[in-house]
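> My questions are about this predicted structure, shown below with the sequence.
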Amino acid sequence: MTTISDFMPNEMMTIAAARALSNDDVCFVGIGAPSAACNVARLTHAPDITLIYESGTIGTAPNVLPLSIGDGELCETALTTVSVPEMFRYWLQGGRISIGFLGAAQLDRFGNINTTVIGDYHKPKVRLPGGGGAPEIASSCRQVFITMKQATRGMVETIDFYTSFGHGEGGDHRQRLGITTKGPTLLITDLALWKPDPETKEFTVVSMHPGVTREQVQETCGWKVRFSERLEETPPPTELELTTLRELQARTERAHGGKKGS
């Protein structure tokens, strides 16, 4: 049995995210924390999960975490690699991907994501990498999972730029725009698990990780947090989950000379 002193918050976040994936999922994977979670799932309870990366690799099974979608490890371990147009038009827009797994620089209470700029678009404080394929993933995958570390600068009342559409203004905004997929259905942070309210679509805390308090969750979030009436505690990582994650990260660090893919 593990105890609260045995694992770090970021490890709890990755493992909680991995648990949300199933063996039958076809998952479009983002680089960084989403990639770590998806590969922990593949190496533990979901060995038959199909991992797809934006560069066109299908059924990839990397031994180390990729630094980018162009990492050779993805192509070398994939069942097949298709062109980017085929990836987006046939696989993604064709409705063949069950889960899109994304990160965020900024996120609002309705799951809208900003990965473009911090501040004014024309005179930004920080210019971020951009959306890449995330806008299409957010609208075309059957549902979207988001993972990020909690901080008031990241979880904000209003995002500075709409890169990837979540639930917009809330409620039925997606449907009114003709988007038929579910959108964000789960947010996994280093402190808690969040799910959208069935009516308003505002993210609500449904489970807090071991040792975390409501005050900690609120202090690291830029909007007034709603907590479920049936608030649960996330089960701590098992020895297998922690060992799998740490060995994956150690292999990655050795392979990339200190650079990390998570």
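Ah, there it is.

> what about the longest strand in the chain?
Selection of the longest strand in the chain by residue count, based on DSSP state E, yields strand 226-233.

> For it, which strands pair with it and how are they oriented?
strand 203-208 (parallel) (DSSP bridges).

> What mean pLDDT does the longest strand of the chain get?
Average pLDDT, strand 226-233: 97.

> Pull out the buried residues from the helix or strand just after that strand.
Remark: after strand 226-233, the chain's next helix or strand is helix 239-255, criterion DSSP states H and E. In terms of neighbour count (16 or more other Cβ atoms under 10 Å), helix 239-255 has its buried residues at Glu241, Leu242, Thr244, Leu245, Leu248, Gln249, Thr252, Glu253, Ala255. To be clear about C-beta, it is placed using only N, CA and C from the backbone, and glycine gets the same treatment.

> quick one: contacts for the fifth one?
Put plainly, it is Leu248. Contacts for Leu248 (Cβ atoms under 8 Å, 6 or more residues apart in numbering) come out as Ala36, Asn39, Val40, Leu43, Val64, Leu65.

> what do you get if the cut-off is 7 Å, keeping everything else the same?
Leu248 is in contact with Asn39, Val40, Leu43, Leu65, counting by Cβ atoms under 7 Å, 6 or more residues apart in numbering.

> now swap in the last one and tell me
Applying Cβ under 7 Å, 6+ apart to Ala255 gives the contacts Val64.

> what do you get if the cut-off is 10 Å, keeping everything else the same?
Pro62, Asn63, Val64, Leu65, Leu67, Asp71, Glu73, Gly261 (Cβ atoms under 10 Å, 6 or more residues apart in numbering).

> tell me the two of these that are most distant?
Greatest spacing in those, by Cβ to Cβ: Asn63 and Leu67 (13.7 Å).

> Report how many residues lie close to the nearest residue to Thr200 once chain neighbours are set aside.
Among residues not flanking Thr200 along the chain, Gly170 sits closest, at 5.1 Å (Cβ to Cβ, 6 or more residues apart in numbering). Applying other Cβ atoms under 10 Å, we find 19 residues neighbouring Gly170.

> Tell me the secondary structure of Gly170, please.
coil (DSSP: H, G, I helix; E, B strand; the rest coil).

> can you tell me the distance between the two ends of stretch 138-157?
20 Å (Cα to Cα, to the nearest Å).

> And the strands in the protein?
Using DSSP E, strands in the chain cover 26-29, 50-52, 57-58, 80-81, 99-102, 106-107, 113-114, 117-119, 124-127, 143-147, 184-188, 192-196, 203-208, 226-233.

> Could you dump the ones you listed into a markdown table and include mean neighbour count and distance to Gly178?
Listed next are these as a markdown table, based on neighbours: other Cβ atoms under 10 Å; distance: least, Cβ to Cβ, whole Å:
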| stretch | mean neighbour count | distance to Gly178 |
| --- | --- | --- |
| strand 26-29 | 24 | 21 |
| strand 50-52 | 24 | 25 |
| strand 57-58 | 22 | 28 |
| strand 80-81 | 14 | 32 |
| strand 99-102 | 27 | 18 |
| strand 106-107 | 26 | 23 |
| strand 113-114 | 24 | 20 |
| strand 117-119 | 17 | 27 |
| strand 124-127 | 11 | 30 |
| strand 143-147 | 23 | 17 |
| strand 184-188 | 24 | 18 |
| strand 192-196 | 23 | 19 |
| strand 203-208 | 22 | 23 |
| strand 226-233 | 12 | 28 |
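
> Among the contacts of Ala255, which lie within helices?
Glu73 (DSSP state H).

> Quick check on the contacts of Ala255: which are buried?
Pro62, Val64, Leu65, Leu67, Asp71, Glu73, Gly261.
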